[in-house]
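Novice: pasted the sequence and its predicted model underneath.
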Amino acid sequence: MRTTEKIRIVEVGPRDGLQNETAPVPTETKIAFVNALSETGVDEIEASAFVSPKWVPQLSDAEDVFRGISRRPGVVYSALVPNERGVERALEAGIDKFSVFTAASETFNQKNINTSIEGSIERFLPVVESARTAGLPVRGYVSTAFWCAFEGRIEPAATVAVAERLLDLGVQEVSISDTVGKASPDEVMRLLDLLLPRLPADRVAMHFHDTYGRGVENVLASWSHGIRTFDASVGGLGGCPYAPGATGNVATEDVVQALDKEGAAMDVDLRGLTLARHMLDSLLTEDRRTLPRDGSPACAACEQADGDVCCGRGEATP
């Protein structure tokens, strides 16, 4: 039977999908890409990130993208703003929602942004405060919520503790991220069994990568547990510089089809999603995740890799 609770789709292709691409994508193409996605019925588009242009050159045009897009009423246009340096840029560009991130793994945080979990939270506290002052909502990502490339399995209690910490700081929504893409439906349900008595389901989003081909299964497991917000990327674009071997996000098209088949309330145009994704076909290469010579886990697929050990310069993301 079809349910009446609407599914919220957060399309992360313009940010999470493009951040690791080595082929340059022109600003005008990104604007057209976001505009096309705006017509598909998705609820939110994470359009870019206000990170250091030096370290993430693919997203160095965040202001121009936000100023150039045609905003569709009812669609939220969000951006990753990981620290205080990006706040002014983000506010001037007119974003609708801030995103910040940390991880449930101490090692991942150290490899990712060269600080601890608590240190990462301290960095984005000014972002949360600025968003509150501006009257804008904040999403908090919890990366490596199930598995970590360095620590292995992450205990559910560790993920729940970080999620609760984010809510205590004033974050309106927590996105639970399977950064490595290794979670199984059983692990998803185990975490949600522990998480949902502490966090309302309407403040939880799930963010799956499809490394082991279980992304859609994990979405369905989450839906069966009452989750109604899902991150996805058209065509399965995406990846994480500090999650060796991890592939892209679960494809938006697959999520929409699977949930619609299960009877979820969906209002997303599949053909529109496909057309939006094909806009990038001539620009993106097939081999987008070449490892450095030494294959070191810390540097796998990192655009900043230039030596045998982690240089600590990359600004990775969920």
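Specialist: That came through fine. Predicted, not measured: the structure shown is a model, and the values here were computed from it.
Novice: against residue 226, how distant is residue 18?
Specialist: Residue 18 sits at a distance of 31 Å from residue 226 (criterion: Cβ to Cβ, to the nearest Å). In short, each C-beta sits where N, CA and C put it, glycine included.
Novice: er, residue 167 I mean
Specialist: In terms of Cβ to Cβ, residue 167 sits 17 Å off from residue 226.
Novice: more neighbours: these two, which one.
Specialist: Using other Cβ atoms under 10 Å, the more surrounded residue of residue 167 and residue 226 is residue 167, with 17 against 13.
Novice: now do the contacts for that one.
Specialist: By Cβ atoms under 8 Å, 6 or more residues apart in numbering, the contact set of residue 167 is 174, 199, 203.
Novice: model confidence score at the first one, please.
Specialist: In other words, residue 174. Residue 174 is assigned 98 on the pLDDT scale.
Novice: list the buried ones in the strand or helix carrying residue 10?
Specialist: Residue 10 is part of strand 8-11 when elements are defined by DSSP states H and E. For strand 8-11, the neighbour count (16 or more other Cβ atoms under 10 Å) marks 8-11 as buried.
Novice: can you report phi and psi for residue 232?
Specialist: In terms of degrees, to the nearest 10, the main-chain angles of residue 232 are phi -160, psi 160.
Novice: over to residue 163?
Specialist: Backbone dihedrals for residue 163, given as degrees, to the nearest 10, come out at phi -60, psi -40.
Novice: which one is it nearest to, not counting chain neighbours?
Specialist: Distances taken as Cβ to Cβ, 6 or more residues apart in numbering place residue 174 nearest to residue 163, at 4.8 Å, with adjacent residues excluded.
Novice: now for that neighbour, how many residues are close by?
Specialist: For residue 174, the neighbour count with other Cβ under 10 Å is 24.
Novice: next one: residue 136
Specialist: Residue 136 has 16 neighbouring residues, counting by other Cβ under 10 Å.
Novice: use 58 as the first number from now on
Specialist: Sounds good: first residue 58 from here, last item residue 193.
Novice: that one - that's part of a helix, no?
Specialist: No: according to DSSP: H, G, I helix; E, B strand; the rest coil, residue 193 belongs to no helix; its state is coil.
Novice: need the buried residues of strand 65-68 in TSV with pLDDT, can you?
Specialist: Shown next, in TSV, are the buried residues of strand 65-68 (pLDDT from 0 to 100):
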residue	pLDDT
65	97
66	98
67	98
68	98
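Novice: beta partners of residue 288?
Specialist: Beta-bridge pairing for residue 288 (DSSP bridges): residue 67, residue 264.
Novice: hang on, it packs against residue 64?
Specialist: No: the pair residue 288 / residue 64 is not scored as a contact, 11.9 Å apart, by Cβ atoms under 8 Å.
Novice: looking at the two, which one has more neighbours?
Specialist: Neighbour count, other Cβ under 10 Å: between residue 288 and residue 64, residue 288 has more, with 30 against 21.
Novice: show me what contacts that one?
Specialist: Neighbours of residue 288 in contact, by Cβ under 8 Å, 6+ apart: 67, 69, 73, 103, 232, 234, 262-265, 306.
Novice: and the helices in the stretch 258-375 of the chain?
Specialist: Taking DSSP state H, counting those that start in this stretch as the criterion, the stretch 258-375 of the chain carries its helices at 272-281, 309-319, 327-335.
Novice: which of those helices sits most buried?
Specialist: helix 272-281 (a mean of 22; mean count of other Cβ atoms under 10 Å).
Novice: what does that helix contact?
Specialist: Identification of contacts with helix 272-281 by Cβ under 8 Å, 6+ apart yields 64, 235, 238, 240-242, 245-246, 249, 263, 265-267, 287, 306-308, 311-312, 315-316, 319, 321.
Novice: about what we covered before: can you list the helices of the stretch 258-375 of the chain in a markdown table and add mean pLDDT?
Specialist: A markdown table is the format used below for those (pLDDT from 0 to 100):
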| stretch | mean pLDDT |
| --- | --- |
| helix 272-281 | 97 |
| helix 309-319 | 95 |
| helix 327-335 | 94 |
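Novice: among these, which is nearest residue 95?
Specialist: Of all the helices of the stretch 258-375 of the chain, helix 327-335 sits nearest to residue 95, with 9.2 Å by Cβ to Cβ.
Novice: quick one: that closest one to chain centroid distance?
Specialist: Relative to its parent chain, helix 327-335 has a centroid offset of 20 Å by Cα atoms, centre = their mean, to the nearest Å.
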